[in-house]
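*Asks:* can't give you the sequence, but here's the structure:
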């Protein structure tokens, strides 16, 4: 797909209409009648999510970014209900450019919160896929074991991936990570969660 | 009804804990003030009980019967607007057995019923009912059964503070000169108002004073935040985004630090920014939606768009009210001690409230952009500071290397000046504010606060 404006260097797609659609897309999608029973299709999304978890554990950020649609969102709400990102700050709400900013910062060598880098292992499980028109919504549970020099801690929650098919590939349009303690004070949330 | 309390921090052993003049010297402080659990315990009364402490914002309890739960030092507090509209800070503690009465972060309630034995209270703190009262010989009309509350609660332009100290000056006197920058911070918002809208909530394993030491520190910026500065400017034509004004010669750059008394200080970086509508927006780092909203607002509002866009930009000030409150950018930052080596730092977001409609319908759009600009610093700046605070706490584990220095700017003739109002002025990179606030801390650690709680009659 040819984009007139490069979302890596400018942000034109995060508009009122975009927010409205996003909020609608992330409401009321975990409905049994929308669940995809076809095992092959579910397995395709399970593999995609497992690969993303592995790439993040391996700090292969370029490959991770390539799993996303050009106009994408990585979103960690600050409230268990997700909230309205137009009216509330989130733990993070990154568009394509800010995702690349985040990676750029981690690579500067001066991101002291990640010096040394955390070592992580991610478990993803309970993968369910739901139809959302031509798109797919996928729910998975996430457990990140994170080692820093003073010990291991755990971050857990569920992910909601919105996937879209572009040129025969399924790409991540939105990844929402709902931490179980998202409304609590978190120590050093500087990894890509 | 007031109940005088013999401050537990003032037992004979606590008052003689240390020779405070030895621990806090002109140019340095002893590591123990950050590491000693006994000092931390004493601070919970001598600091957090003795001065006005920030508790919350009126927009969080906008209507009668609204409440939030918060802390005063380590004391769990229900901050509420009661059924008559009175703002109160109740101890979140049943008078019967000490159980917390409320376990929610926020909500609306006319009464609070203890989950343990069913004692219930009105939101004024008055005892409403006790199950099977026939089993008691006492008179439950005795005020001692009403919930304890902070005896003095007051607001300044929406910011709610409380103190247990009957001898503390009135809030307005305590704030003193720092009200001027607070007013300016508010008055740049339409109607002079903001509303709290969720938060970036962070925690570090370190003493709470490390955050307050840092709150006015202009010396650390280019080092601690180097990754942020490089990130924000990676695509900029002119590398002027964010706090770039610190980069070349911050000692002489047009910005300053002002110590305003009572531990409060103000770092003003506004003179480093071009003073024009859109001047702030011109140095704001990129955020999700930046180009879209900028073009959309300029198309609709023409030249007026610049001052609207400035509302989504980070105001270059640090307004620090001792011991736990800071206004910076568009954030209300609150420091909550948890333990001698653990602190919660909460960055409350603030939204524009345009009751008079002066923004001509742009309020939702500017807030959508402002939410994203506010997420920038906690994500890419604060995390690195907190990592450095944790590493200070670790470094202070070296028992024999006792001193921590705060002497930047000290002893250089003509560098630190005191104006006619007693405000101490210094370059933004000096540690003068640290030396001054820690003197106030020392004075408080030696003083005898007149601690009391209140109960409804």
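*Replies:* Yes, it's here. Keep in mind the model is a prediction, meaning the values are calculated, not measured.
*Asks:* residues near the closest residue to residue B:245 other than its chain neighbours, how many?
*Replies:* Spatial nearest neighbour of residue B:245, excluding adjacent residues (Cβ to Cβ, 6 or more residues apart in numbering or on different chains): residue B:272 at 3.9 Å. (Each C-beta comes from the backbone N, C-alpha and C, glycine too.) The number of residues packed near residue B:272 is 18, by other Cβ atoms under 10 Å in any protein chain shown.
*Asks:* Give me the pLDDT for the residue lying farthest from the centre of chain A.
*Replies:* Going by Cα atoms, centre = their mean, the residue of chain A most distant from its centre is residue A:150, 26.9 Å out. pLDDT, residue A:150: 91.
*Asks:* Kindly report the same for residue B:242.
*Replies:* 88.
*Asks:* is it true that it touches residue B:226?
*Replies:* No. Counting by Cβ atoms under 8 Å, residue B:242 does not reach residue B:226; the two are 11.5 Å apart.
*Asks:* quick one, which of these two is more surrounded?
*Replies:* residue B:242 (25 against 18).
*Asks:* ok, back up a step: so what's the residue farthest from the centre of chain A up against?
*Replies:* By Cβ atoms under 8 Å, 6 or more residues apart in numbering or on different chains, the residues touching residue A:150 are residue B:205.
*Asks:* Phi first, then psi, for it.
*Replies:* phi -100, psi 10 (degrees, to the nearest 10).
*Asks:* Check which element follows the helix or strand of chain B with the lowest mean pLDDT along the chain.
*Replies:* Within chain B, no helix or strand scores below helix B:12-15, which has a mean of 54 by mean pLDDT, DSSP states H and E. Toward the C-terminus, helix B:12-15 is succeeded by helix B:20-23 as the next helix or strand (DSSP states H and E).
*Asks:* what's in contact with that next one?
*Replies:* B:29, B:30, B:32, B:33, B:442, B:445, B:446.
*Asks:* Could you measure from the residue farthest from the centre of chain A over to residue B:385?
*Replies:* 18 Å (Cβ to Cβ, to the nearest Å).
*Asks:* neighbours around the closest residue to residue B:108 other than its chain neighbours, how many?
*Replies:* Closest residue to residue B:108 apart from its sequence neighbours, by Cβ to Cβ, 6+ apart: residue B:65 at 5.0 Å. Using other Cβ under 10 Å, residue B:65 has 16 other residues around it.
*Asks:* Report pLDDT for residue B:65.
*Replies:* 98.
*Asks:* what helices or strands is the helix or strand containing residue A:129 leaning on?
*Replies:* Using DSSP H and E, the element containing residue A:129 is strand A:119-132. Counting contacts by 3 or more Cβ pairs under 8 Å, 6 or more residues apart in numbering or on different chains; DSSP states H and E, strand A:119-132 packs against helix A:39-57, strand A:135-148, strand A:151-166.
*Asks:* Deepest-packed of those, please.
*Replies:* strand A:135-148 (a mean of 19; mean count of other Cβ atoms under 10 Å in any protein chain shown).
*Asks:* Can you list the helices and strands that that one packs against?
*Replies:* helix A:39-57, strand A:119-132, strand A:151-166, strand A:169-179.
*Asks:* count of neighbours near residue 126?
*Replies:* Looking at chain A here, since you left the chain open. 10.
*Asks:* meant chain B actually
*Replies:* Neighbours of residue B:126 using other Cβ under 10 Å come to 17.
*Asks:* tell me the contacts of the residue lying closest to it once chain neighbours are set aside?
*Replies:* Spatial nearest neighbour of residue B:126, excluding adjacent residues (Cβ to Cβ, 6+ apart): residue B:456 at 4.5 Å. Going by Cβ under 8 Å, 6+ apart, residue B:456 touches B:1, B:124, B:125, B:126, B:143, B:146, B:147, B:149.
*Asks:* Give me the distance between the second one and residue B:102.
*Replies:* So that's residue B:124. Residue B:124 is 14 Å from residue B:102, by Cβ to Cβ.
*Asks:* one step back: mind giving me the ChimeraX command for buried ones among the contacts of residue B:456?
*Replies:* Selection of buried members from the contacts of residue B:456 for ChimeraX, criterion 16 or more other Cβ atoms under 10 Å in any protein chain shown:
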select /B:124,125,126,146,147,149
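*Asks:* Least confident of the contacts of residue B:456?
*Replies:* residue B:1 (84).
*Asks:* Test my guess that it contacts residue B:452.
*Replies:* No. Applying Cβ under 8 Å as the test, residue B:1 and residue B:452 come out as separate, 10.0 Å apart.
*Asks:* and the contacts of helix B:20-23, which are buried?
*Replies:* Looks like the contacts of helix B:20-23 have B:29, B:30, B:32, B:33, B:442, B:445 buried, using 16+ other Cβ under 10 Å.
*Asks:* how close does the third one get to residue B:209?
*Replies:* Read it as residue B:32. 12 Å.
*Asks:* for the fourth one, same thing?
*Replies:* In this structure, residue B:33 lies at 7 Å from residue B:209, with Cβ to Cβ as the measure.
*Asks:* show me where the stretch 51-200 of chain B has strands.
*Replies:* Taking DSSP state E, counting those that start in this stretch as the criterion, the stretch 51-200 of chain B carries its strands at B:53-57, B:66-72, B:75-81, B:87-91, B:106-108, B:111-113, B:120-122, B:127-129, B:152-156, B:159-163, B:194-204.
*Asks:* nearest to residue B:410, of those strands?
*Replies:* strand B:194-204 (27.6 Å; Cβ to Cβ).
*Asks:* any bit of that closest one sitting next to chain A?
*Replies:* Yes. Residues of strand B:194-204 contacting chain A under Cβ under 8 Å from any Cβ of the partner chain: B:197, B:198, B:199, B:200, B:201, B:202, B:203, B:204.
*Asks:* now the angle between strand B:53-57 and that strand, please.
*Replies:* Orientation check (axes from the mean of the first three to the mean of the last three Cα atoms, to 10 degrees): strand B:194-204 against strand B:53-57 gives 130 degrees.
*Asks:* re the thing from before, contacting residues around the residue nearest to residue B:245?
*Replies:* Residue B:272 neighbours (Cβ under 8 Å, 6+ apart): B:245, B:253, B:254, B:255, B:316.
*Asks:* again, but for residue B:322
*Replies:* B:51, B:212, B:262, B:263, B:264, B:437, B:440.
*Asks:* ok, 6 Å please
*Replies:* B:263, B:264, B:437 (Cβ atoms under 6 Å, 6 or more residues apart in numbering or on different chains).
*Asks:* What parts of the stretch 301-450 of chain B come near chain A?
*Replies:* Within the stretch 301-450 of chain B, the positions adjacent to chain A are B:344, B:349, B:368, B:371, B:374, B:375, B:379, B:380, B:383, B:384, B:387, B:388 by Cβ under 6 Å from any Cβ of the partner chain.
*Asks:* could those residues go into CSV alongside pLDDT?
*Replies:* Shown next, in CSV, are these (pLDDT from 0 to 100):
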residue, pLDDT
B:344, 98
B:349, 98
B:368, 98
B:371, 98
B:374, 98
B:375, 98
B:379, 98
B:380, 98
B:383, 98
B:384, 98
B:387, 98
B:388, 98
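*Asks:* can you redo those residues as JSON lines with secondary structure?
*Replies:* Output for these, formatted as JSON lines (DSSP: H, G, I helix; E, B strand; the rest coil):
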{"residue": "B:344", "secondary structure": "strand"}
{"residue": "B:349", "secondary structure": "strand"}
{"residue": "B:368", "secondary structure": "helix"}
{"residue": "B:371", "secondary structure": "helix"}
{"residue": "B:374", "secondary structure": "helix"}
{"residue": "B:375", "secondary structure": "helix"}
{"residue": "B:379", "secondary structure": "helix"}
{"residue": "B:380", "secondary structure": "helix"}
{"residue": "B:383", "secondary structure": "helix"}
{"residue": "B:384", "secondary structure": "helix"}
{"residue": "B:387", "secondary structure": "helix"}
{"residue": "B:388", "secondary structure": "helix"}
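*Asks:* Name the nearest of the residues you listed relative to residue B:233.
*Replies:* residue B:380 (12.3 Å).
*Asks:* distance of that closest one from residue B:224?
*Replies:* 12 Å.
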